[in-house]
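Peer 1: fold the following for me, if possible:
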Amino acid sequence: MIHSEVKNYLKKLDEEQKALASYNGEHDIAKEIKNILAKDTNYKPTIEDIAEQMAFDFMAAYPNDNSGWKTYHGPIFILPKQARISRKTLLKIGLI
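Peer 2: All right, here's what the predicted structure looks like:
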């Protein structure tokens, strides 16, 4: 289940459908989701919360052209193949 405030924030973005205001627009959305989750200290983020945050954690004009994406956007980070993401790892890299 996704955090209700995150759900409302995403719904608002969907309803407004305006152009992103900054170069890092997608990353700013991920940052806001992270801030919403951090404010609620009694709430343990779910996989859905983390997935929504990661879905927007992209970087425009990705500097590493060896990423294999061959697109304008690239991931904020790349995990090795067969890697499993643990909650401890996500905490360590600051995603939750």
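Peer 1: pLDDT of stretch 13-25, averaged?
Peer 2: For stretch 13-25, mean pLDDT rounds to 77.
Peer 1: CA atoms of that stretch as CSV?
Peer 2: The C-alpha coordinates for stretch 13-25 follow below in CSV (Å, rounded to 0.1, in the frame of the first residue of the first chain):
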residue,chain,number,x,y,z
LEU,A,13,0.8,16.0,-10.4
ASP,A,14,-1.3,13.9,-12.8
GLU,A,15,-4.2,16.3,-12.7
GLU,A,16,-2.0,19.4,-13.2
GLN,A,17,-0.1,18.0,-16.1
LYS,A,18,2.2,20.9,-16.4
ALA,A,19,5.8,21.0,-17.8
LEU,A,20,8.5,20.3,-15.3
ALA,A,21,10.0,23.5,-14.0
SER,A,22,13.6,22.5,-13.7
TYR,A,23,16.4,20.6,-15.4
ASN,A,24,16.1,17.9,-12.7
GLY,A,25,12.3,17.8,-12.7
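Peer 1: can you give me the helices in the protein?
Peer 2: Secondary structure of the chain (DSSP state H): helices located at 4-16, 25-39, 47-56, 87-92.
Peer 1: any chance of these in CSV, plus mean neighbour count?
Peer 2: Quick note: C-beta positions are derived from backbone N, CA and C, even for glycine. Formatted as CSV, the helices of the chain follow (neighbours: other C-beta atoms under 10 Å):
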stretch, mean neighbour count
helix 4-16, 13
helix 25-39, 17
helix 47-56, 17
helix 87-92, 11
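Peer 1: mean pLDDT for those: which is lowest?
Peer 2: Per-stretch mean pLDDT for these is lowest at helix 87-92 (a mean of 72).
Peer 1: okay, residue 66: pLDDT?
Peer 2: 59.
Peer 1: try the one 10 residues further on
Peer 2: Note for residue 76: predicted pLDDT of 60.
Peer 1: now the one 10 residues further on
Peer 2: Reading off the per-residue confidence, residue 86 sits at a pLDDT of 70.
Peer 1: what is the neighbour count of it?
Peer 2: 9 (other C-beta atoms under 10 Å).
Peer 1: that one and residue 94, how far apart?
Peer 2: To residue 94, residue 86 is 14 Å away according to C-beta to C-beta, to the nearest Å.
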